[in-house]
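In: What follows is a predicted protein model with its sequence.
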Amino acid sequence: MNLTPREQNDVETELGLAVLPVEPSPGLKASIMAKIAVTPQLPREADAVPGRAESAAHARWFTRPVTILVAAAAAILLFAGGVFAGNAFAPRPLDTQAASLAELSAAGDLQRASAEVAGGGVATLIWSLDQRRSAVLIDGLSALPAGKTYQLWYLDAEGAATPAGTFEASATGTTWRVLDGAMSGGDTVGVTVEPDGGSPAPTTDPILAITSS
Amino acid sequence: MTVMLVAAMQKTNPRGNRNGRIFGKLVLVPRLPNSDLDVGDDMGELLVRVASGDQVAFGELYDVTAPRVLGLITRVLVDRAQSEEVAQEVFLEIWQSATRFDSSKGRAISWMLTIAHRRAVDRVRAAQSGRERDLKVGIREFAVEYDDVAENAEIRIENERVRRALEGLTDLQRQAVTLAYYGGYTQSELAERLGIPLGTVKTRLRDGMTRLRNELGVAS
């Protein structure tokens, strides 16, 4: 007797949920949130054929064609009980930034602009004037020597610089930071290299400047 | 060629089989009783919100599911750093293709774990094929040693209900199912690896999965 693809998938889900949960490192969520903020979703398809993912996975060890999964089934999500549930909902250090980035990228009036970083890397500024908020995402940003930090600035039309937070280059993947403070239309966002802790006003030439207009 | 692949798996397996953890005999680890909690429906709703571009919902979905997704990937890959890389790919794919998820066809967690399993297995296989050619010498010796490893293997099954269900299988069924699912081996590779006809592999997998379905009561 053969299982239906649906039953097959139910059993696989049980096997998949039966192993020990592994708590992700704190940076993983921030990294993923940064990526999805700049990644478009696939267009909807009226008739979702069995997903490529499902088919490929099943073809590997069960040669039957497989349609997508199954509702029903009493699977267990939190079988490890309090330990897992506690971990899953504990706040993580980067959660506030990640949540801000998520809210920002969901803005209806989201805009974006890109520029190269002096010294290497490509930066994207995303902003929402509804939310008066912006974030910078940089691929390929170099790490700084000890004692130095990257600092963000809002520069208004007159060139007055307001500090908007400091950040370090991400060791893996995209560096990103939601700016502190409120953005105004036409502001330029700049990045300079400053001593640890940041400066009240820029002390070096900017390595990046993107105008939001 | 296939023998060579077996040797490659043994010697360079990124899952680190020093303790033979992915092969053969199961060591069934007792654990606390389940506190079964099915949040499948909630996650289905979350996934629908994600499909509409809701990144806050995506963050919530991540919080609820990441330890399970990473747990499965780590079971297949073992290597922690690689597993996090793969988890990142998995969640990016979940974000991109949430628009294609159809809740009438299945549960959100099943859909997500299927993606996680496929990508973890892809990563294992990519690592293996890249090193295959380095192992043209000493194949027979490797193959013999490989069999020894298989007898001392272990997979930790943390879930009481699934553990009992697996105990209900014959040793051969259990071996086939766990090597196929947690090990990511194809049926042909299993036949080669176990030295049995392909048809026998298929029978063991089919019977094993059917028995698990019955034991777990997941009949739809």
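Out: Noted; the coordinates are in hand.

In: these two touch, right, residue A:113 and residue A:189?
Out: No - using C-beta atoms under 8 Å, residue A:113 is not in contact with residue A:189; the gap is 9.2 Å. In this view, the C-beta of every residue, glycine as well, is placed from N, C-alpha and C.

In: For these two, indicate the residue with more neighbours.
Out: Neighbours per residue, other C-beta atoms under 10 Å in any protein chain shown: of residue A:113 and residue A:189, the larger number sits with residue A:189, 25 against 14.

In: hey, what's in contact with both of residue A:113 and residue A:189?
Out: Taking C-beta atoms under 8 Å, 6 or more residues apart in numbering or on different chains as the criterion, residue A:113 and residue A:189 both touch A:125, A:210-212.

In: And chain A, split by domain according to the record?
Out: A:5-105, A:111-211 (automatic domain parsing).

In: just so I know, which of those lies nearest chain B?
Out: domain A:5-105 (2.5 Å; C-beta to the nearest C-beta).

In: distance between the ends of the closest one?
Out: 37 Å (C-alpha to C-alpha, to the nearest Å).

In: One more: stretch A:134-152?
Out: For stretch A:134-152, by C-alpha to C-alpha, the gap between its terminal residues amounts to 11 Å.

In: Which positions in it come out as buried?
Out: Buried residues in stretch A:134-152, counted by 16 or more other C-beta atoms under 10 Å in any protein chain shown: A:134-139, A:141, A:149-152.

In: which ones among these are found in helices?
Out: Among those, DSSP state H puts none in helices.

In: so which one among the residues you listed has the lowest pLDDT?
Out: Lowest pLDDT within the buried residues of stretch A:134-152 is found at residue A:139 (83).

In: where in the chain is pLDDT low?
Out: Just going to use chain A. By pLDDT under 70, the low-scoring segments of chain A are A:1, A:46-95, A:172-173.

In: Chain B, not that one
Out: B:1-42, B:128-158, B:218-220.

In: Considering only chain B, name the residue that lies closest to chain A.
Out: residue B:106 (2.5 Å).

In: so which of the domains of chain A is the most packed in?
Out: The highest mean neighbour count among the domains of chain A, using mean count of other C-beta atoms under 10 Å in any protein chain shown, belongs to domain A:5-105: a mean of 19.

In: re the thing from before, now the domains of chain A in TSV, with distance to chain B?
Out: What follows is the domains of chain A, written out as TSV (distance: least, C-beta to the nearest C-beta, whole Å):
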stretch	distance to chain B
domain A:5-105	3
domain A:111-211	8
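
In: Those domains: which one's closest to residue B:52?
Out: domain A:5-105 (9.0 Å; C-beta to C-beta).

In: Please tell me I have it right and residue A:126 contacts residue A:110.
Out: Yes - shown here, residue A:126 and residue A:110 form a contact pair, counting by C-beta under 8 Å, at 6.0 Å.

In: Show me the strands in chain B, by range?
Out: Counting by DSSP state E, chain B has no strands to list.

In: With chain A instead?
Out: Going by DSSP E, chain A shows strands at A:111-116, A:122-128, A:133-139, A:148-155, A:161-167, A:175-178, A:188-195, A:208-211.

In: what about stretch B:188-206 and chain A, touching?
Out: Yes - counting by C-beta under 8 Å from any C-beta of the partner chain, chain A is contacted by stretch B:188-206 at B:202, B:205-206.

In: out of those, who has the most neighbours?
Out: residue B:205 (21 neighbours).

In: Quick check: closest non-adjacent residue to it.
Out: Excluding the flanking residues, the one nearest residue B:205 by C-beta to C-beta, 6 or more residues apart in numbering or on different chains is residue B:176, at 5.1 Å.

In: count of neighbours near that neighbour?
Out: Residue B:176: 29 neighbours (other C-beta under 10 Å).

In: Now do the contacts for it.
Out: Shown in contact with residue B:176 (C-beta under 8 Å, 6+ apart): B:190, B:194, B:201, B:204-205, B:208.

In: measure it to residue B:191 for me?
Out: 10 Å (C-beta to C-beta, to the nearest Å).

In: tell me, what's touching these two both at once?
Out: What both residue B:176 and residue B:191 touch, as defined by C-beta under 8 Å, 6+ apart, is the set residue B:201.

In: For chain B, which segments are assigned as helices?
Out: B:2-12, B:40-51, B:55-77, B:80-97, B:108-131, B:139-151, B:160-167, B:171-181, B:187-194, B:198-216.

In: ok, now how distant is residue A:29 from residue B:88?
Out: For residue A:29, the distance to residue B:88 - C-beta to C-beta - is 10 Å.

In: do residue A:161 as well
Out: For residue A:161, the distance to residue B:88 equals 35 Å [C-beta to C-beta].

In: what does residue A:101 give?
Out: 16 Å.

In: With residue B:210 instead?
Out: As judged by C-beta to C-beta, residue B:210 and residue B:88 stand 35 Å apart.

In: Pretty sure residue A:148 sits against residue A:197.
Out: No - look at residue A:148 against residue A:197 with C-beta under 8 Å: they stay out of range, at 10.4 Å.

In: ends of stretch B:179-188, how far apart?
Out: 12 Å.

In: Buried ones in it, by neighbour count?
Out: B:179-187.
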